[in-house]
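K.L.:
Structural data only, the sequence is not supplied:
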Ligand SMILES: C[C@H](O)CC(=O)SCCNC(=O)CCNC(=O)[C@H](O)C(C)(C)COP(=O)(O)OP(=O)(O)OC[C@H]1O[C@@H](n2cnc3c(N)ncnc32)[C@H](O)[C@@H]1OP(=O)(O)O
């Protein structure tokens, strides 16, 4: 596999152009770093070279350190020393400390190690609209090529900290204002201008700036310490389970107190430590897993091209339909929204308007963009408006005969190439399409609420769905900026099915004597956005009970039948929408524990009678996590075993994007493999013996526990795939 190389061209004006070649993003692999060292050595030695321009081939400067190599280093637990020369020897001594100036010519993007290389140059020129940033923290590491030292010296401490902690890049234009780049130059003139600029520096006609020695943007020590203290406090609040953002701040502080070089050494030490951490392994896994969801064996390798997508029909203007319509128009796709009567239609259009207005109110959308976006939406009561749609997404209530009727109508009215999709979350797609001939055009298009916000897009294929339809839906998902995952047809599909034991286990723990608020606290500290009871309030108990019934029908042997929801519902406590569920809610929807809930818990416990000797079970926080998440892992294994997803990493992404599973744990299967199947199966077996089938480990989990094989191993050969 080609891991990139570096080229050197010496021009007649005495400027050496050093170019990084490593498509698609010119990432910095070991061969690229070695190439940079070799070409810099040559340029510095040659008498005909007066100055250097550093750039990237094609339309990108560099996307940073090669993340594939990072996985290699992680396997050696950070002990590989093949790039130990980079930060100090190559970048600081050879490039920045050289007697020949370098100018970075930046186009497209300069991210992570890419920007760090550019900051070692004595000036930076950028083409318009390039992206510059240090996104290392989102991979669980810190900038390791001097970024923690040079960025604060170029843009000041607060902005540098913000850029590193949020991982968000800035545009060339903002970078120019910040002082991160020296000039913005049209792409066509970038190299020629950089050459002149480099010669001007060599001739002392332009400043020769060594970023690591700059002090003018750094705040006085006391002020800097206050800024860092505040950043630490915010970080601990926002990401209490992550240590690498704090380590990043330590490296910044070291440089401010003891000087840039000391900061570089500290940074290198912390970079290695972070790279070997489980969090970094998990986040790097997520980076590749996310990109792999769009690659579906037997579908995306058929060389099919997505068909033109201009107009989408949405049926149903309720919460889901209006969210889907919003997601489409926000991304420039025309939508025709159909409802059954004028009132419902108006309510649907108003919901879309409200979704957009919330961005306007937050200052994220201009009035002008609002008008342009909303104009892409048309309401209708008539199927005639569906004559030229490319995709239809049905999002009406979960009633099979209604959906069957809609699909029969759609088959008659829509173009013969139109994709016919349902947003159902519970009904078998084969039943929905049972009465039509166009079965190859039918698929599931399952969004998560709120559809215009949640990033996951579950595409459900049946045994008859045509690959072209999947290619079209994958393309549609990308266009509306979702992460699409293709899954098989089964009750709850991949995400809801995997997570159905999540709330079940929580209900069981309550009947064993645990407090709902303690469970929620433990699960939230584990890293979920909220605990299962707060989530139940948000979703609404009616929805919870309805989906519980689906699983009871599908998997009657492993559903825990708690009476807690029905007891609460009897007293009209339905969740957040009634401002009373497990919590009580004020006008601003702030949740507060409600002491009254205790009586429902006690009643549910006495009805269930599973508490041994009438004594509440004693469990540590870690054990609570095991009881809640090990059944989820078990169901994930069944989903893998049945071939509902084609690769375990799809389930990792689905759990992160659909359920809010913490990304720094790598997704449900990745996390399970870190724990090990043996421990999970043995704990589940203990619980199974005490509390029955709900906990019984499935065959795939038992197999991996017995053989030591990771759960994420491909199960292709062992099972009949549904895909
Ligand atoms: C020492 C240093 O401080 C440490 C570091 O530099 S750590 C690395 C920091 N850099 C990053 O985090 C950037 C990561 N990359 C990205 O954010 C995005 O890929 C991007 C903004 C560069 C491009 O996005 P986009 O155009 O949507 O394309 P995207 O699909 O993501 O990437 C295109 C391909 O490049 C690969 N790629 C992107 N960045 C890469 C990198 N740094 N290393 C290796 N491969 C990379 C992707 O895996 C993908 O490969 P595929 O086609 O085989 O799936």
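P.N.:
Noted; the coordinates are in hand. Treat the numbers as computed from the prediction; the structure is a model and nothing was measured.
K.L.:
Once you drop chain neighbours, what's closest to the residue of the stretch 101-250 of the chain found nearest the ligand?
P.N.:
Residue of the stretch 101-250 of the chain nearest the ligand, by Cβ to the nearest ligand atom: residue 112 (2.5 Å). In short, each C-beta sits where N, CA and C put it, glycine included. Once flanking residues are discounted, residue 112 sits nearest to residue 64: 2.6 Å by Cβ to Cβ, 6 or more residues apart in numbering.
K.L.:
For the stretch 351-500 of the chain, which segments count as strands?
P.N.:
Remark: strands assigned in the stretch 351-500 of the chain by DSSP state E, counting those that start in this stretch are 377-380, 391-394, 419-422, 442-447, 456-461, 483-488.
K.L.:
For the ligand, which of the ones you listed is the nearest?
P.N.:
Proximity to the ligand (Cβ to the nearest ligand atom) singles out strand 483-488 among the strands of the stretch 351-500 of the chain, at 11.4 Å.
K.L.:
How about the closest one and the ligand, touching?
P.N.:
No. Figure legend: strand 483-488 not in contact with the ligand (Cβ under 6 Å from any ligand atom); closest approach 11.4 Å.
K.L.:
What are the contacting residues of that strand?
P.N.:
290, 293-294, 296, 299, 455-461, 470, 473-474, 477-478, 493-494, 642-646, 650, 653-654, 657, 721-723 (Cβ atoms under 8 Å, 6 or more residues apart in numbering).
K.L.:
Now cross-check those against the ligand and list the overlap.
P.N.:
Taking Cβ under 6 Å from any ligand atom as the test, the ligand is in contact with none of the contacts of strand 483-488.
K.L.:
Pull out the buried residues from these.
P.N.:
290, 293-294, 296, 299, 456-461, 470, 473-474, 477, 493-494, 642-646, 650, 653-654, 657, 722-723 (16 or more other Cβ atoms under 10 Å).
K.L.:
quick one: whichever residue of the stretch 601-723 of the chain sits closest to the ligand and residue 714, what's the gap?
P.N.:
Residue nearest to the ligand within the stretch 601-723 of the chain (Cβ to the nearest ligand atom): residue 649, separated by 12.4 Å. Here residue 649 is placed at a distance of 11 Å from residue 714 (Cβ to Cβ, to the nearest Å).
K.L.:
repeat for residue 92
P.N.:
Distance from residue 92 to residue 714, counting by Cβ to Cβ: 44 Å.
K.L.:
what does residue 540 give?
P.N.:
The gap separating residue 540 from residue 714 is 38 Å, by Cβ to Cβ.
K.L.:
more neighbours, those two?
P.N.:
The residue with more neighbours, out of residue 540 and residue 714, is residue 540; 16 against 10, by other Cβ atoms under 10 Å.
K.L.:
surely that one meets residue 573?
P.N.:
No. Using Cβ atoms under 8 Å, residue 540 is not in contact with residue 573, being 10.9 Å away.
K.L.:
Which residue is the nearest non-sequential neighbour of residue 158?
P.N.:
In space, residue 158 comes closest to residue 227 once its chain neighbours are excluded; the distance is 5.8 Å by Cβ to Cβ, 6+ apart.
K.L.:
That neighbour: which element?
P.N.:
Element membership of residue 227, judged by DSSP states H and E, is helix 221-238.
K.L.:
Any chance you could list what contacts that helix?
P.N.:
Contacts with helix 221-238, where a contact means Cβ under 8 Å, 6+ apart, come from 157-158, 161, 165, 218-219, 242, 245-246, 249, 252-253, 256-257.
K.L.:
Show the subsequent helix or strand relative to it.
P.N.:
Moving toward the C-terminus from helix 221-238, the next helix or strand (DSSP H and E) is helix 244-258.
K.L.:
for that following helix, which positions count as buried?
P.N.:
Across helix 244-258, burial judged by 16+ other Cβ under 10 Å covers 244, 245, 247, 248, 249, 250, 251, 252, 253, 254, 255, 256.
K.L.:
now for that helix, which elements pack on it?
P.N.:
On a contact count with 3 or more Cβ pairs under 8 Å, 6 or more residues apart in numbering; DSSP states H and E, helix 244-258 meets helix 147-155, helix 157-166, helix 221-238, helix 260-275.
K.L.:
how about the residues of the protein that lie near the ligand?
P.N.:
Within the chain, the positions adjacent to the ligand are 24-25, 27, 63-68, 109, 111-113, 116, 135-136, 139, 143-145, 147, 291 by Cβ under 6 Å from any ligand atom.
K.L.:
circling back: quick one: which of the contacts of helix 221-238 is nearest to residue 51?
P.N.:
Relative to residue 51, the closest of those is residue 218; by Cβ to Cβ it sits at 27.8 Å.
K.L.:
Let me know the secondary structure of the closest one.
P.N.:
coil (DSSP: H, G, I helix; E, B strand; the rest coil).
K.L.:
And for it, the neighbour number?
P.N.:
Neighbourhood size, residue 218 [other Cβ under 10 Å]: 16.
K.L.:
give the contact list for it.
P.N.:
By Cβ under 8 Å, 6+ apart, the contact list for residue 218 reads 152, 153, 156, 157, 224, 256.
K.L.:
What of residue 37?
P.N.:
If a contact means Cβ under 8 Å, 6+ apart, then residue 37 has 85, 89, 90, 94 as its contacts.
K.L.:
Now those residues in CSV, please, with extra columns for pLDDT, secondary structure and neighbour count.
P.N.:
Converted to CSV, the contacts of residue 37 look like this (pLDDT from 0 to 100; DSSP: H, G, I helix; E, B strand; the rest coil; neighbours: other Cβ atoms under 10 Å):
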residue, pLDDT, secondary structure, neighbour count
85, 82, coil, 15
89, 93, helix, 12
90, 94, helix, 21
94, 95, helix, 19
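K.L.:
I'd like those residues written out as TSV, with distance to residue 121 added.
P.N.:
Formatted as TSV, those follow (distance: Cβ to Cβ, whole Å):
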residue	distance to residue 121
85	18
89	17
90	13
94	12
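K.L.:
which one of those residues is nearest the ligand?
P.N.:
The closest of these to the ligand turns out to be residue 90 (Cβ to the nearest ligand atom; 11.7 Å).
K.L.:
Could you say which of the contacts of residue 218 is surrounded by the most neighbours?
P.N.:
Going by other Cβ under 10 Å, residue 152 tops the contacts of residue 218 with 28 neighbours.
K.L.:
In contact with that one: list those residues for me.
P.N.:
Taking Cβ under 8 Å, 6+ apart, we find residue 152 in contact with 160, 161, 217, 218, 252, 255, 256.
K.L.:
Residue 35 too?
P.N.:
4, 5, 6, 20.
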